[in-house]
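> just a sequence and a predicted model for now, questions to come.
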Amino acid sequence: MLFAAPISISQLSIYAERLTSLVVLYLPRLLSALLLLVVGWWAIGWASRLVSAATARLDVSLSSFLSSMFSITLKVLLLISAAGMAGFETTSFVAILGAAGLAVGLALQGTLANFAGGVLILIFKPFTVGDVIESQGKSGTVQAIQIFNTLLLTPQGDTVILPNGATSNGVIVNKAHPQRALVEIQLELDAATDLDALRQQALPLLGHDEQVLPDPAPQVVLVSLKPGATMTVAFRAYTAPGQEDATRNRLMEKLQQLFATQETKK
């Protein structure tokens, strides 16, 4: 049977010296890193509260997201700094973190574009909740401006979800500020139609509709002409924003009744 050799006093002395040197070398670093963590953690909490107060006027979801992202980013940097101060090698960790951030950024670049678009919309306010807008071929009343999407309610009752990235970078027609919207109905008529007589009959019909605004007054204009064949006539009237579809439907029915009456007389 083998027995371990007893440790001599000289070996114990060597181990004690090594331990003492390690404590002398690393204890100040560990204390400094611990102090940095405590003070830094408190400072980050204080700064996060300042960010929350500064963004309180923005959307609630955006304010919460910005403050949490600010806090998490600073805490990660604080942990890396404390590890480096304690003597740990942080180069590899920083490289891995950077590669992971790049991969996540590439995977979420569409989402990040929508987030950036949402921030731009909330800051510069090209439209607000309740406005009637047209964007990306869709028209409706803005119901909510979220971080990544804008919700529209169409006159048909459908909810349209517009990505904020494309919305902020595209053309936005805000129909709430002009306080009026154009309703235009184009019809192809016989080129021999008497336009003056048509105006005398159609203009009172357009102007008497309950949703048509008196100023600007309704118009009947010639848009295009094919000699000897047909001509295109536009019947134009203005209404309140959001009333275009309902007004257009009523005016089309009235015009249909007008032309049906003329055909009956013939």
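That came through, no problem. Values in this document were obtained by computation on a predicted structure and should not be read as measured data.

> report the buried residues of the helix or strand hosting residue 85.
Here residue 85 sits within helix 60-86, counting by DSSP states H and E. Across helix 60-86, burial judged by 16 or more other CB atoms under 10 Å covers 62-63, 65-67, 70-71, 74-75, 78-79, 82, 84-86. C-beta here means a position set from N, CA and C on the backbone, and glycine is covered the same way.

> pick out whichever of the residues you listed sits closest to residue 232.
residue 62 (47.8 Å; CB to CB).

> which segments of the chain make up each domain?
As assigned by automatic domain parsing, the chain contains the domains 10-87, 127-174, 181-265.

> just put these in CSV and tack on distance to residue 96 and mean pLDDT.
Converted to CSV, the domains of the chain look like this (distance: least, CB to CB, whole Å; pLDDT from 0 to 100):
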stretch, distance to residue 96, mean pLDDT
domain 10-87, 11, 75
domain 127-174, 28, 87
domain 181-265, 53, 85
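
> closest to residue 117 out of the ones you listed?
domain 127-174 (3.5 Å).

> chain center to the closest one, what's the gap?
9 Å (CA atoms, centre = their mean, to the nearest Å).

> quick check: residue 221 is in a helix.
No. Secondary structure assignment places residue 221 outside any helix; it is strand (DSSP: H, G, I helix; E, B strand; the rest coil).

> was I right to think it contacts residue 237?
No. Using CB atoms under 8 Å, residue 221 makes no contact with residue 237, being 11.8 Å away.

> okay, the two: which has more neighbours?
residue 237 (26 against 13; other CB atoms under 10 Å).
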